[in-house]
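[1] Have a look; sequence and predicted model below, questions after that.
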Amino acid sequence: RTIADLPAILRQAVTLGLFSSAQLVRFFAMDVRPNVTRTVSRHLPPSLARDFVGRLMADPGFVQKAVLESSIAACASLWYEYRARGERFKDEMDLVMINTLGMAAATCATVWMVAPTRSYGSIQKVPWQQT
């Protein structure tokens with residue numbers, strides 16, 4: 001592939017130096033092979049898909065980090081709930097699951113917010129997009 005074969009928005013971003021060659025390789029590697037990440041990004045609303053792909057371009061291990069952090073948070077929450085509730089743990093399983101899922105979701109949101117991102121295709125970021 002050459003630069004002329006790229007979609008117009010990527011071609012202009014490359015021309016302006018907004019993408020490095022390593023980031024383009026990451027984008028094409030994710031976009032070419034069918035995998036879970038590509039399926040998820042294509043089924044999200046456009047703005048979320050753009051943010052998701054931007055995070056993957058900046059950090060290819062983003063999904064693994066988010067899953068690992070959320071899993072650790074869920075396990076720690078379950079352990080805490082078991083220690084705090086003692087014998088009532090099974091009787092109050094609905095509250096335990098609400099607290100655990102809330103902790104995992106909050107941790108995933110925190111990882112999402114602090115993850116490095118590479119913006120591409122955002123509306124009116126650079127002058128040539130304002131026409």
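    Everything's here; your move.
[2] wouldn't Thr107 be in contact with Val67 here?
    No: checked against CB atoms under 8 Å, the pair Thr107 and Val67 is beyond contact range at 10.5 Å. C-beta coordinates here come from the backbone N, C-alpha and C atoms, glycine included.
[3] Which element, helix or strand, includes Ala104?
    helix 93-114 (DSSP states H and E).
[4] and that helix, how far out from the chain's middle?
    16 Å (CA atoms, centre = their mean, to the nearest Å).
[5] do the same with stretch 104-118
    Relative to its parent chain, stretch 104-118 has a centroid offset of 8 Å by CA atoms, centre = their mean.
[6] Now it - C-alpha only, PDB.
    Presented in PDB, the C-alpha positions along stretch 104-118 are these (Å, rounded to 0.1, in the frame of the first residue of the first chain):
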ATOM      1  CA  ALA A 104     -15.300  -3.500  38.400                       C
ATOM      2  CA  ALA A 105     -17.200  -1.000  36.300                       C
ATOM      3  CA  ALA A 106     -15.700   2.000  38.200                       C
ATOM      4  CA  THR A 107     -12.200   0.500  37.700                       C
ATOM      5  CA  CYS A 108     -12.800   0.000  34.000                       C
ATOM      6  CA  ALA A 109     -14.000   3.600  33.700                       C
ATOM      7  CA  THR A 110     -10.900   4.800  35.500                       C
ATOM      8  CA  VAL A 111      -8.600   2.800  33.200                       C
ATOM      9  CA  TRP A 112     -10.600   4.200  30.200                       C
ATOM     10  CA  MET A 113     -10.200   7.800  31.400                       C
ATOM     11  CA  VAL A 114      -6.400   7.700  32.200                       C
ATOM     12  CA  ALA A 115      -5.400   5.500  29.200                       C
ATOM     13  CA  PRO A 116      -3.300   7.200  26.600                       C
ATOM     14  CA  THR A 117      -5.100   7.900  23.400                       C
ATOM     15  CA  ARG A 118      -4.300   8.800  19.800                       C
END
